[in-house]
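Peer 1: Got a predicted structure plus its sequence, pasted below:
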Amino acid sequence: MRFSEHFGVTQTADDDWFDPHLTIDTKLFVDPLLLLEAGGEWADAHEQLIEHFVHCYGLVAKATSSTSVSAQAARRLLTFPEPFEVGLGYTASGTSGSGSGDRFAATMADGIATAIAAGLAQPEHIEEIGILNVGIGPDRISDATVNVLKARFIAYTQAIAERHGIPLDAHRVKSARVSLDAARWIAEDVLLPTNPNDGRPVILLPRALLNDLPTLNADDWFDSHFNEDIRLTLNLQVGEAVRKADIVSWARRHPDRVREWAREQTSRQDLHGYDFSADPLGVVQWDQAPVAYAVEHPLAARTVMSHEDLLILVGELVDRFQHFVEQQRGWSLLWNSDGSEKPEEAAQLLFLGLAQPYLRQFNVEIDREVELGRGPVDFKAASGTTARVLIEVKKVHNGKFWNGLEAQLPSYLTSDGATHGWFLALQYRSTRSSVDRVRRLPAVVALTASCIGMTLRSSVVDARKPLSASNIETGNELPIDQGTETDS
């Protein structure tokens, strides 16, 4: 359920805020550089952010040891818990997050020490720390930005609530503001909307500040013209995959290039955030068309008590998903306008968008990316304390397709003590390898189930873009192309 849906708000042209999902984090981040472009009330927000880090740079520079007063003060100011109130980040099964917190404060401090040692004694952009340190990614940069500017985002949310008549409740908010002189974060009681799912506060953010990656990131720095000589030496093409550890190593040798590149990006005329209308990652629009479809095509009432009952229900759910994708243009939500595929996560979210309203009718909970010992299973559907089915979703051309069926799913079932699993395969391509995998799937499922002594089911959803009507009328079929399947 979206924030707007719960509170009965219809966004207009005057509403520039991102409408968060109230149960699932959206894998987008606050991009600090976009603060410079936003203008208005955000015009001096970037300056406030940099001021915080200038202070931290000074503390790190003065620190004589990790236990010195300055070092401890720096770590306190660099402790940025994941701001669950905004519903962004990597936590798929909810909006609480694991957070960066204390254990990443030392990483941030080390990143600053590295920047200082590399000659960047004063920060111009906090993203430079992430380019110079392996452990600081877009989520940490975003967390830092939200924490430092949280008081601004709270006021922004309160203004939206007043305009739309959204009820506010008193909430204790950690890190509501910061005192640089005292080197501590201050919790405050503030009025904010309440998330009905967990009773926690909701903080809204402007869409214009959100991105899938910070504009200033390690990969783009390495691919820039500043590093053409390095790529030539290594015989690398622009965009060719390079480990971040290697990029960091080069960045530490050439901190001047990091600073010059960052300044160049700041003056670009084409700075932009995430494209919400195209949604290239499929992380925004996944719960609109599927919900509408579920309302128009309800399932028959029944009681779900046993594993078998739940397995039958999941089978009907998968059938509806297949019909939605293949016959109701659901496939269009899995492809970009340029003909490229959206990531596998887009298919997983689309399935979740359909599963939530269907399973809710039968008091069946579905959780996404549940950690089960050796990694997260895509979905866990559960009714009561005993009936549960684990669901793994894979693109047919995923290089780990067979591993997902023969190793991952059985491992998850064993870790969870479950006995019923479903392997959902999505076919995007007509290559010989894809066609062969689809043909072999039933036999491999049966063999795997026999080997592990568990109940396994599988389904194939055709996610290929359909032929035009003229081709269908002439009886043409999708051609089988040559190719190997190595994409993820």
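Peer 2: Received it, and whenever you're ready, just let me know what you need.
Peer 1: Sketch out the low-pLDDT regions of the stretch 1-150 of the chain for me.
Peer 2: 90-102 (pLDDT under 70).
Peer 1: Do a quick rundown of the helices in it.
Peer 2: Applying DSSP state H, counting those that start in this stretch to the stretch 1-150 of the chain gives helices spanning 3-7, 35-38, 45-62, 69-77, 101-117, 127-131, 138-148, 150-164.
Peer 1: Show me the one of those that comes nearest residue 324.
Peer 2: Closest of those to residue 324 is helix 3-7, at 19.8 Å (criterion: C-beta to C-beta). For the C-beta atoms, the positions are set from N, CA and C on the backbone; glycine is no exception.
Peer 1: Any buried residues in the closest one, and which?
Peer 2: 3-4, 6-7 (16 or more other C-beta atoms under 10 Å).
Peer 1: same question, stretch 300-314
Peer 2: 304, 307, 309-311, 313-314.
Peer 1: Of these, just say which sits nearest to residue 280.
Peer 2: When those are ranked by distance to residue 280 (C-beta to C-beta), residue 314 comes first, at 29.6 Å.
Peer 1: could you redo the helices of the stretch 1-150 of the chain as JSON lines and give each row distance to residue 386?
Peer 2: Compiled in JSON lines, the helices of the stretch 1-150 of the chain are given as follows (distance: least, C-beta to C-beta, whole Å):
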{"stretch": "helix 3-7", "distance to residue 386": "31"}
{"stretch": "helix 35-38", "distance to residue 386": "50"}
{"stretch": "helix 45-62", "distance to residue 386": "50"}
{"stretch": "helix 69-77", "distance to residue 386": "46"}
{"stretch": "helix 101-117", "distance to residue 386": "35"}
{"stretch": "helix 127-131", "distance to residue 386": "45"}
{"stretch": "helix 138-148", "distance to residue 386": "36"}
{"stretch": "helix 150-164", "distance to residue 386": "41"}
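Peer 1: ok, and which of those helices has the densest surroundings?
Peer 2: helix 127-131 (a mean of 27; mean count of other C-beta atoms under 10 Å).
Peer 1: Dump the C-alpha coordinates for that helix into PDB.
Peer 2: Extracted C-alpha coordinates of helix 127-131, given in PDB (Å, rounded to 0.1, in the frame of the first residue of the first chain):
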ATOM      1  CA  GLU A 127      30.600  11.300  -2.300                       C
ATOM      2  CA  GLU A 128      34.400  11.600  -2.700                       C
ATOM      3  CA  ILE A 129      34.700   9.500   0.500                       C
ATOM      4  CA  GLY A 130      32.800   6.700  -1.200                       C
ATOM      5  CA  ILE A 131      35.100   6.800  -4.200                       C
END
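Peer 1: who does it touch, helix- and strand-wise?
Peer 2: Here helix 127-131 touches helix 101-117, helix 138-148, helix 218-223, helix 244-253, helix 255-266, going by 3 or more C-beta pairs under 8 Å, 6 or more residues apart in numbering; DSSP states H and E.
Peer 1: which residues are in contact with the next helix-or-strand element following the last one?
Peer 2: For helix 255-266, the following helix or strand on the C-terminal side (DSSP states H and E) is helix 289-296. Contacts to helix 289-296, defined as C-beta atoms under 8 Å, 6 or more residues apart in numbering, come from residues 320, 324, 328, 330, 333, 350, 353-354, 356-358.
Peer 1: In helices only, show me those residues.
Peer 2: Counting by DSSP state H, the part of those found in helices is 320, 324, 350, 353-354, 356-358.
Peer 1: just curious, which of those is nearest to residue 415?
Peer 2: residue 356 (24.0 Å).
Peer 1: Residue ranges of each domain in this structure, please.
Peer 2: Domains of the chain are assigned by automatic domain parsing as 3-266, 289-473.
Peer 1: what's the average pLDDT for the shortest one?
Peer 2: On average, the pLDDT along domain 289-473 is 92.
Peer 1: Counting neighbours, what do you get for residue 270?
Peer 2: 4 (other C-beta atoms under 10 Å).
Peer 1: Longest strand in this protein, by number of residues?
Peer 2: Looking across the chain with DSSP state E, the single longest strand is strand 169-179.
Peer 1: now the helix or strand following that one against helix 138-148, angle please.
Peer 2: Next helix or strand after strand 169-179 toward the C-terminus (DSSP H and E): strand 184-192. Here strand 184-192 points in a direction 80 degrees away from that of helix 138-148 (axes from the mean of the first three to the mean of the last three C-alpha atoms, to 10 degrees).
Peer 1: any idea of the angle strand 184-192 forms with strand 169-179?
Peer 2: Using the same axes, to 10 degrees, strand 184-192 lies at 150 degrees relative to strand 169-179.
Peer 1: ok, back up a step: for residue 387, which of the helices and strands packed on helix 127-131 is the nearest?
Peer 2: helix 138-148 (34.7 Å).
Peer 1: ok, and what's touching the closest one?
Peer 2: So helix 138-148 is in contact with 29-32, 35, 48-49, 52, 78, 80-83, 86, 88-90, 99-100, 104, 107-108, 126-127, 129-130, 153, 175, 178, 185, 205, 213-214, 217, going by C-beta under 8 Å, 6+ apart.
Peer 1: one step back: so which of the contacts of helix 289-296 is the most crowded?
Peer 2: Going by other C-beta under 10 Å, residue 350 tops the contacts of helix 289-296 with 28 neighbours.
Peer 1: correct me, but that residue touches residue 335?
Peer 2: No - between residue 350 and residue 335 there is no contact under C-beta atoms under 8 Å: 11.6 Å.
Peer 1: what comes up buried for the helix or strand in which residue 414 is found?
Peer 2: Assigned by DSSP H and E, residue 414 belongs to helix 409-416. Residues of helix 409-416 classed as buried: 409-413, 415-416 (neighbour count, 16+ other C-beta under 10 Å).
Peer 1: Include distance to residue 19 when you put those residues into CSV, please.
Peer 2: As requested, the buried residues of helix 409-416 are arranged in CSV below (distance: C-beta to C-beta, whole Å):
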residue, distance to residue 19
409, 34
410, 39
411, 37
412, 32
413, 36
415, 35
416, 33
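Peer 1: of these, closest to residue 364?
Peer 2: Set against residue 364, the nearest of the buried residues of helix 409-416 by C-beta to C-beta is residue 416 (15.8 Å).
Peer 1: wait, what's in contact with that closest one?
Peer 2: Applying C-beta under 8 Å, 6+ apart, the residues near residue 416 are 370, 372, 377, 380, 388, 390.
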